[in-house]
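A.B. asks: Structure for the following, please:
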Amino acid sequence: MREVAPEDVIFSFADAQIRAIGIASSHAYESPKPLEFGETGAYWDRIGWRVDVNFHPLRLPIRPAEHMAILQPLLPERYAPLRPNGAGLQNLYLTKLPEVFAAALVDLLGAEARALILGHRVANEPLHAPATGLVEWEEHVLDQVKSDISVPETQRLALVLARRGQGVFKQRVMTIERRCRVTGVENAEHLRASHSKPWRDSTNEERLDGENGLLLTPSIDHLFDRGFIGFGDDGTLLVSPVAHADSLRRMGVDSARSTHVGSFSQGQRRYLEFHRENVLLMSRFLEHL
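C.D. replies: Okay, here's the model as predicted:
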């Protein structure tokens with residue numbers, strides 16, 4: 001999921017048929033397991049990954065099992081989407097397809113699939129739509145915090161302000177940090193206290209822990225929060241390969257050169273590890289080990 005990027009093509013395989021083609025309209029972002037899933041996927045974590053996709057049902061779906069003479073030689077050795085007989089794999093939710101295999105599927109699906117993939121017919125919703133599910137989730141968590149009468153009112157206010165990188169949380173971060181780690185901006189008025197372990201994932205204690213924060217300018221805060229950049233324990237700036245290099249450059253991040261942003265405390269490193277493992281977007285081109 002974390003390797004998906006906007007405009008990636010996704011083939012929907014259900015009931016032994018390829019019944020729809022989708023175009024990804026977002027990178028992966030954290031999201032709770034949908035309530036309508038019930039006990040389905042009970043082994044999933046409560047918090048998982050979501051990708052927004054504009055799906056287009058196909059008028060003429062195909063059964064891969066009827067075309068395995070063409071498809072079977074093109075199956076990858078690892079993480080194949082189908083068995084050699086054309087049956088699906090229940091334990092495989094999403095996998096990257098070799099280009100030759102995807103091209104063969106498109107040829108079998110015909111003109112409708114080619115038109116969709118070439119951009120002549122795309123679902124109604126625009127690409128690059130904002131990750132509304134993430135916003136809705138955060139608003140839901142925020143409402144829970146606001147209405148939790150077991151938490152003193154002053155602490156509830158501090159937790160609400162911490163979501164925006166302000167208040168007590170920012171004061172505590174400023175006892176550790178002095179400037180934006182990437183741009184060097186020092187004026188506190190232009191800086192946000194950005195959570196390394198996102199506010200939505202943190203406990204109330206972690207939401208106000210100064211070591212769970214970095215001072216960042218708003219644009220860098222956005223890149224960090226959405227997983228386009230991260231930081232290594234040694235202070236190396238990490239840039240996600242799915243990030244748009246020109247946009248990053250305009251925001252003050254040069255992905256073409258190595259950048260060191262300084263050392264971190266042990267507590268900061270613990271939170272940054274969570275960010276690398278759960279927020280930083282992975283490359284679509286990583287080799288499976």
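
A.B. asks: wait, residue 275 sits on residue 194?
C.D. replies: No: contact between residue 275 and residue 194 fails when scored by CB atoms under 8 Å: they sit 9.9 Å apart. For glycine as for every other residue, the C-beta is placed from the backbone atoms N, C-alpha and C.

A.B. asks: how about the strands in this structure?
C.D. replies: 9-14, 17-24, 29-32, 47-50, 53-62, 192-195, 213-216, 229-231, 237-239 (DSSP state E).

A.B. asks: State the number of residues packed around residue 163.
C.D. replies: 19 (other CB atoms under 10 Å).

A.B. asks: Would you confirm that it contacts residue 142?
C.D. replies: Yes: Residue 163 lies in contact with residue 142 (CB under 8 Å); the separation is 6.4 Å.

A.B. asks: now the strands of the chain as CSV including mean pLDDT?
C.D. replies: Shown next, in CSV, are the strands of the chain (pLDDT from 0 to 100):
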stretch, mean pLDDT
strand 9-14, 90
strand 17-24, 89
strand 29-32, 74
strand 47-50, 74
strand 53-62, 89
strand 192-195, 95
strand 213-216, 96
strand 229-231, 95
strand 237-239, 94
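
A.B. asks: Let's have those in CSV, adding distance to residue 114 and mean neighbour count.
C.D. replies: CSV is the format used below for these (distance: least, CB to CB, whole Å; neighbours: other CB atoms under 10 Å):
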stretch, distance to residue 114, mean neighbour count
strand 9-14, 11, 16
strand 17-24, 10, 19
strand 29-32, 30, 19
strand 47-50, 28, 15
strand 53-62, 12, 15
strand 192-195, 43, 26
strand 213-216, 44, 26
strand 229-231, 36, 24
strand 237-239, 34, 17
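
A.B. asks: For residue 265, find the nearest of those.
C.D. replies: strand 213-216 (11.3 Å; CB to CB).

A.B. asks: tell me what the closest one is packed against?
C.D. replies: Using 3 or more CB pairs under 8 Å, 6 or more residues apart in numbering; DSSP states H and E, the elements in contact with strand 213-216 are helix 167-173, strand 192-195.

A.B. asks: on that earlier part again, redo the strands of the chain as a markdown table? Include distance to residue 79.
C.D. replies: Converted to a markdown table, those look like this (distance: least, CB to CB, whole Å):
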| stretch | distance to residue 79 |
| --- | --- |
| strand 9-14 | 14 |
| strand 17-24 | 18 |
| strand 29-32 | 23 |
| strand 47-50 | 17 |
| strand 53-62 | 20 |
| strand 192-195 | 33 |
| strand 213-216 | 35 |
| strand 229-231 | 25 |
| strand 237-239 | 25 |
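
A.B. asks: Out of those strands, flag the one nearest residue 69.
C.D. replies: Closest approach to residue 69 among the strands of the chain is made by strand 53-62 (13.6 Å; CB to CB).

A.B. asks: Run me through the strand neighbours of that closest one, direction for each.
C.D. replies: strand 17-24 (antiparallel) (DSSP bridges).

A.B. asks: export the strand it pairs with as PDB, just CAs?
C.D. replies: The C-alpha coordinates for strand 17-24 follow below in PDB (Å, rounded to 0.1, in the frame of the first residue of the first chain):
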ATOM      1  CA  GLN A  17     -13.000 -12.000 -12.800                       C
ATOM      2  CA  ILE A  18     -11.200  -8.700 -13.500                       C
ATOM      3  CA  ARG A  19     -14.300  -6.500 -13.100                       C
ATOM      4  CA  ALA A  20     -13.000  -3.000 -12.900                       C
ATOM      5  CA  ILE A  21     -10.000  -0.800 -13.400                       C
ATOM      6  CA  GLY A  22      -9.000   2.000 -11.000                       C
ATOM      7  CA  ILE A  23      -6.700   5.000 -11.100                       C
ATOM      8  CA  ALA A  24      -5.100   5.800  -7.700                       C
END
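
A.B. asks: any idea how far it is from the chain center?
C.D. replies: How far strand 17-24 lies from its chain's middle: 20 Å, per CA atoms, centre = their mean, to the nearest Å.

A.B. asks: and if you look at stretch 92-111?
C.D. replies: So, by CA atoms, centre = their mean, the centroid of stretch 92-111 is 23 Å from its chain's centroid.
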